[in-house]
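Engineer: I'd like to go over a predicted model; first the sequence, then the structure.
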Amino acid sequence: MHMGPKGSQGSGSAPILCALDMAGMAELVDAPDSKSGFRKEVGVRFPLPAPTTSGDKMKFCSSCGGTVSYRVPKDDNRERAICDSCDLVHYRNPLVVVGCIAERDGKVLLCKRAIEPRYGYWTVPAGFMELGETVAGGAARETLEEALATVELGHLFAMVDVVDAGQVHLFYTGKLVGDYGVGEETLESALFSEDEIPWEEIAFHSGKYALEKYFQDGGRDNGVHVHELRRSTS
Ligand SMILES: [Zn+2]
């Protein structure tokens, strides 16, 4: 379902207040890191800004190959790519990245990337969620693919909105079961204590954030840390 400007949001015990100002541009504001941010008012104003990931704008319809035009469909609130031939409306929505911090004896498993972007940098095992799997299943699968490691998943502990990339990154804790190795997208895998982590060589801000929060929590369930990355920092 695509929520229009009149849509309401609710999230159980963590209320998010929705304020509309039709004259303004969208502005999503949250505390930089915060479980406390859940209690803060989040202002949402329409119309939403044009996506900043405009470099890969769709030109042709994926169904019939016709050219597309950008306009606001009836009963919608923002521009979509609409096929000039078959009228199909192409919705684009954020992608979910799932990852896992796999731990053994106080050390966490990191992989040195064998692919771009960030070739040669260290990363928490993570990647795009696939159709047909759960968030937890994806986190476990990425750990298996990148580090040939089986994990006993713990709890979801970090969520990072990477707004300008159109992504949401979700991180689980996990206990390493058995051995680990080097997957196809990896040059090297290794366990690091907090002091040993090559903090300046971590591939992505979201992974670095997850690592920081993991060690702050001591791996214990301390709720979900929420963070937002914008172009200036991501
Ligand atoms: Zn078409």
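Structural biologist: It's in. Numbers count the residues shown, from 1 in each chain.
Engineer: when you work out contacts or count neighbours from here on, use the C-alpha atoms and nothing else.
Structural biologist: OK.
Engineer: got any ranges where this structure has weak pLDDT?
Structural biologist: Across the chain, the ranges flagged by pLDDT under 70 are 1-55, 232-234.
Engineer: could you measure from the residue of it positioned farthest from its centre over to P94?
Structural biologist: Most distant residue from the mean C-alpha position of the chain: S85, 33.9 Å away (Cα atoms, centre = their mean). Going from S85 to P94 by Cα to Cα, to the nearest Å gives 26 Å.
Engineer: any idea whether M159 is helix, strand or coil?
Structural biologist: strand (DSSP: H, G, I helix; E, B strand; the rest coil).
Engineer: thinking again about what came up before, for the residue farthest from the centre of the chain, give me phi and psi.
Structural biologist: phi -100, psi -50 (degrees, to the nearest 10).
Engineer: same check on L211?
Structural biologist: phi -60, psi -40.
Engineer: and for the one 4 residues further on?
Structural biologist: The phi/psi pair for F215 (degrees, to the nearest 10) reads phi -70, psi -30.
Engineer: mind listing what it touches?
Structural biologist: E194 (Cα atoms under 8 Å, 6 or more residues apart in numbering).
Engineer: 10 Å instead, please
Structural biologist: When contacts are counted by Cα atoms under 10 Å, 6 or more residues apart in numbering, F215 touches 106-108, 193-194.
Engineer: cool, F171 as well?
Structural biologist: 97-101, 124-126, 135-136, 139, 155-160, 206-207, 210-211, 214, 224-225 are the contacts of F171 under Cα under 10 Å, 6+ apart.
Engineer: could you chop this protein up by domain?
Structural biologist: Listed domain ranges for the chain are 13-50, 58-91, 95-229 (source: automatic domain parsing).
Engineer: if we can go back for a sec, hang on, the residue farthest from the centre of the chain packs against S62?
Structural biologist: No: look at S85 against S62 with Cα atoms under 10 Å: they stay out of range, at 11.5 Å.
Engineer: now list whatever residues contact both of these two.
Structural biologist: By Cα under 10 Å, 6+ apart, the residues touching both S85 and S62 are V68.
Engineer: neighbours of Y91, how many?
Structural biologist: Neighbourhood size, Y91 [other Cα atoms under 10 Å]: 10.
Engineer: D84 now?
Structural biologist: 17.
Engineer: in stretch 81-95, what counts as buried?
Structural biologist: For stretch 81-95, the buried set under the neighbour-count rule, 16 or more other Cα atoms under 10 Å, comprises 81-84, 88-90.
Engineer: again but with stretch 158-168, I slipped
Structural biologist: 158-163, 165, 167-168.
Engineer: reformat those residues as JSON lines; add distance to E185.
Structural biologist: Below are the buried residues of stretch 158-168 laid out as JSON lines (distance: Cα to Cα, whole Å):
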{"residue": "A158", "distance to E185": "23"}
{"residue": "M159", "distance to E185": "24"}
{"residue": "V160", "distance to E185": "23"}
{"residue": "D161", "distance to E185": "24"}
{"residue": "V162", "distance to E185": "22"}
{"residue": "V163", "distance to E185": "25"}
{"residue": "A165", "distance to E185": "21"}
{"residue": "Q167", "distance to E185": "20"}
{"residue": "V168", "distance to E185": "21"}
